[in-house]
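S.K.: Dropping the sequence and predicted coords here.
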Amino acid sequence: MIRFDTVSRVYGRDATLVHALHQVSVEITSEEFTAIVGPSGCGKSTMLQLMGLLDQPTDGQVYFEGCSTTTLKSRQLADLRLHKIGFVFQDFNLIPVLSAIENIEFPLQLQGTSGKIRRKRAYDLLAKLDIEDIANRRPSDMSGGQQQRVAIARALVSDPVILIADEPSANLDSQTTQDLCDLLRTVNQDFAITIAVASHDPLVMEYARRRIHLLDGRINKDEQV
């Protein structure tokens, strides 16, 4: 599904060069639940940004479903992100003035999907994620766990092939983190969707079936569990 071929990502220039990733080669296959782990600054977020086509490598190739993304134009990359990739951010990134169901519908609105279809798909996800009772609440009236579920529903509404989550438990307490991990496992199994999570949370690592350990921008260990 996603393959890195000797990928490096360098930021800055001259004396301020930062080698975020250094010659990383790895493949994420369909329906895997993978945790990318390691200390702060090891390259986890950079790796996710490259997986999610939010950034381009300095050297090497990133392949998405067999296609080299370095040859694609900005519009083609945007279409892939909109239709094929779901994102869950550390701070949820819900739109404050929209209700839960409107936030979930938003990616479909960008795709030009009709209002009736958007609303049905959003309600279906609210029900599957057990949050239909907050359909009309705005983010300011939701708990952290509820916001996270809405964010996951929004990421799933376009029927993506991969869900990418960057430190999804960072702002959650231990019980809500447990609930989140249960939900991610359910999404992985019931939706048959690939999940890639960057995290240093031991509980998130425990739920993943594969752990890619990064250290100083390199893969230090790659283990199936």
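M.R.: Good, I have the coordinates. Residues are numbered from 1 along each chain as shown.

S.K.: Residue 199 versus residue 20, what's the distance?
M.R.: Distance, residue 20 to residue 199, using Cβ to Cβ, to the nearest Å: 17 Å. For glycine as for every other residue, the C-beta is placed from the backbone atoms N, C-alpha and C.

S.K.: All the helices of the protein, residue numbers only.
M.R.: 44-51, 74-84, 100-111, 115-128, 144-156, 174-190, 202-207 (DSSP state H).

S.K.: Dump the third one to PDB, keeping only the CA atoms.
M.R.: I take that to be helix 100-111. Extracted in PDB, the C-alpha atoms of helix 100-111 (Å, rounded to 0.1, in the frame of the first residue of the first chain):
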ATOM      1  CA  ALA A 100     -20.500  17.000  15.200                       C
ATOM      2  CA  ILE A 101     -22.500  15.800  12.200                       C
ATOM      3  CA  GLU A 102     -21.400  18.900  10.200                       C
ATOM      4  CA  ASN A 103     -17.800  18.300  11.000                       C
ATOM      5  CA  ILE A 104     -18.100  14.700   9.900                       C
ATOM      6  CA  GLU A 105     -19.900  15.700   6.600                       C
ATOM      7  CA  PHE A 106     -17.200  18.300   5.700                       C
ATOM      8  CA  PRO A 107     -14.900  16.100   3.600                       C
ATOM      9  CA  LEU A 108     -17.800  14.900   1.600                       C
ATOM     10  CA  GLN A 109     -18.900  18.500   1.000                       C
ATOM     11  CA  LEU A 110     -15.400  19.200  -0.400                       C
ATOM     12  CA  GLN A 111     -15.900  16.200  -2.700                       C
END
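
S.K.: which residues are contacting stretch 61-72?
M.R.: Under the criterion Cβ atoms under 8 Å, 6 or more residues apart in numbering, residues 1-7, 50-51, 53, 56-57, 77, 80, 84, 161 lie in contact with stretch 61-72.

S.K.: In this protein, where is pLDDT below threshold?
M.R.: Nowhere does the chain drop to pLDDT under 70.
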